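**Q** quick one: sequence plus predicted model below, questions after.
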There are 2 protein chains.
Amino acid sequence: MQQVSISDAEWQVMNVVWDAHPLTAQEVISQLAGQADWAPATVKTMLHRLVKKNVLAYEPQGNRYVYRPRARRSDCVKQASRSFLERVFGGESAPLLAHFLRSSKLSPDEIAQLRKLLNEQEGRS
Amino acid sequence: MQQVSISDAEWQVMNVVWDAHPLTAQEVISQLAGQADWAPATVKTMLHRLVKKNVLAYEPQGNRYVYRPRARRSDCVKQASRSFLERVFGGESAPLLAHFLRSSKLSPDEIAQLRKLLNEQEGRS
DNA sequence: TGACACCGATTACAGATGTAACTATTTACA
DNA sequence: TGTAAATAGTTACATCTGTAATCGGTGTCA
């Protein structure tokens, strides 16, 4: 498990891959057509870089290549989150949580869910 | 109010400035000596770039210069948070909150505080 | 079976970033 | 009052990022 950092644009690509893998470059390109306004070549560059960073794997499938994640989304999320927490909130979780609680619209279900997590927190060491 | 983006290293500098301004380049450098391992020249580069980005202001004070923030911390936090939420959690606040709730150690006070915020959320539209 | 379309690979290139040395000017000390 | 130390400003440079165009091979259709 290395310590690569995934850039902004690369995250967009990875989100597509994590959501529905394995897939071909074509599929990634058409998925992204809705969200980003990139030339197909741009998406391919991202894919290559992600392969080089060991975040993506690809293998020939028939006469084409298919891509699949090599790093787990949860690991990348964890790393990006830690680094964001550190950078913007000086490592303090509580202010971060307060900030997002204040600036979010949450459904009653979500609120209930979060409340449950808070309760679990209470049984910490 | 512009739409600049503050890089990782720049955030470290800005955090120092926001915590105790106005201050001189020297003060920033010695504050950072504890946290980062940068040459003084590196810190000065950051300061210059932040001035160019209009995030910092500086004025001569006596025979030296003093720096002070030009952008409000809360605005920068808001922007960085939004972009992080978008990038890593696809814009979904609830999973983000769940993630940080799970991965944080919180004091009873903080838990109580967050619970209060959750209650306030309930009176949303 | 030749021209075209599609795909993966390579190359491009400007701006941002991390990291700093060098230079010129001012200041303080000997 | 010359010289060294400190300061601010300028320049450097490799890497990463965003954003692609182009090249070379292969399969397809006429």
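**A** Nice, I can see it. Numbering: from 1, shown residues only, chains lettered A, B, ... in the order given.
**Q** okay, residue A:18: pLDDT?
**A** We have a pLDDT of 96 for residue A:18.
**Q** secondary structure element for it?
**A** Using DSSP states H and E, residue A:18 sits in helix A:8-19.
**Q** can you check residue A:66 too?
**A** Using DSSP H and E, the element containing residue A:66 is strand A:64-69.
**Q** could you list the buried residues of whichever helix in chain A runs longest?
**A** Ranked by residue count under DSSP state H, the longest helix found in chain A is helix A:73-89. Using 16 or more other C-beta atoms under 10 Å in any protein chain shown as the test for burial, helix A:73-89 gives A:76, A:77, A:79, A:80, A:81, A:84, A:85, A:87, A:88, A:89. All C-beta spots, glycine's among them, are computed from the backbone N, C-alpha and C.
**Q** does it reach chain B?
**A** Yes: Helix A:73-89 lies within reach of chain B by C-beta under 8 Å from any C-beta of the partner chain, at A:77, A:78, A:80, A:81, A:83, A:84, A:85, A:87, A:88, A:89.
**Q** elements contacting that helix?
**A** If you count contacts as 3 or more C-beta pairs under 8 Å, 6 or more residues apart in numbering or on different chains; DSSP states H and E, helix A:73-89 packs onto helix A:8-19, helix A:93-103, helix B:8-19, helix B:73-89, helix B:93-103.
**Q** how far off centre is the second one?
**A** Taking C-alpha atoms, centre = their mean, to the nearest Å, the mean C-alpha location of helix A:93-103 is offset from the chain mean by 20 Å.
**Q** likewise stretch A:41-54?
**A** Distance of stretch A:41-54 from the chain centroid (C-alpha atoms, centre = their mean) equals 15 Å.
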